[in-house]
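Asker: Prediction below, plus the sequence it came from.
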Amino acid sequence: MSIAFNSALSALGALGIKFGVAANNVANINSDGFKKSRAHLHDNHPAGVTVTISKLDTPGFPLPAEDGSLESRESSNVTLEEETVDLLVTKRAYLANVDTLKREEETIGRILDILE
């Protein structure tokens with residue numbers, strides 16, 4: 001397999017993890033005190049793409065206490081707008097890597113046709 005093929009495959013795996021992190025953030029948007037995570041992609045030549053996940057400890061918005069208690073609460077620090085943009089960018093990167101795999105397959109097919 002070529003370097004482009006291996007890189008695209010590892011990128012697809014890494015982008016799948018990034019999708020999962022964003023999905024978890026969106027799923028917990030209404031969970032009080034939830035802290036969002038971010039997946040960071042790293043180029044590890046020649047091994048491909050790796051992922052590190054970090055939790056962002058920024059504060060959420062203060063919420064009123066429940067049931068008359070004096071304890072203050074905090075909303076999650078997830079914003080749907082930010083997650084939507086991140087998902088759209090990740091989707092485009094995913095599609096670009098799928099396209100790389102398709103082009104690689106076409107190229108190999110043409111080479112095999114020439115050799116026949």
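Answerer: Done, it's in. Note that this is a predicted model, so its numbers are computed, not measured.
Asker: Where do the strands of the protein begin and end?
Answerer: 37-44, 48-55, 62-63, 73-74 (DSSP state E).
Asker: in its sheet, what does the last one sit against?
Answerer: Which is strand 73-74. Applying DSSP bridges, strand 73-74 is found paired with strand 62-63 (antiparallel).
Asker: Check residue 106 and give its pLDDT.
Answerer: Looking at residue 106, its pLDDT is 88.
Asker: Check residue 113 too.
Answerer: 86.
Asker: Just give me the neighbour total for it.
Answerer: 8 (other C-beta atoms under 10 Å). Bear in mind the C-beta positions are built from the backbone N, C-alpha and C, glycine included.
Asker: does residue 87 really touch residue 19, like I thought?
Answerer: Yes. Counting by C-beta atoms under 8 Å, residue 87 does reach residue 19; the two are 7.2 Å apart.
Asker: Go through the helices and strands of this structure and name the one with the lowest mean pLDDT.
Answerer: strand 62-63 (a mean of 89; mean pLDDT, DSSP states H and E).
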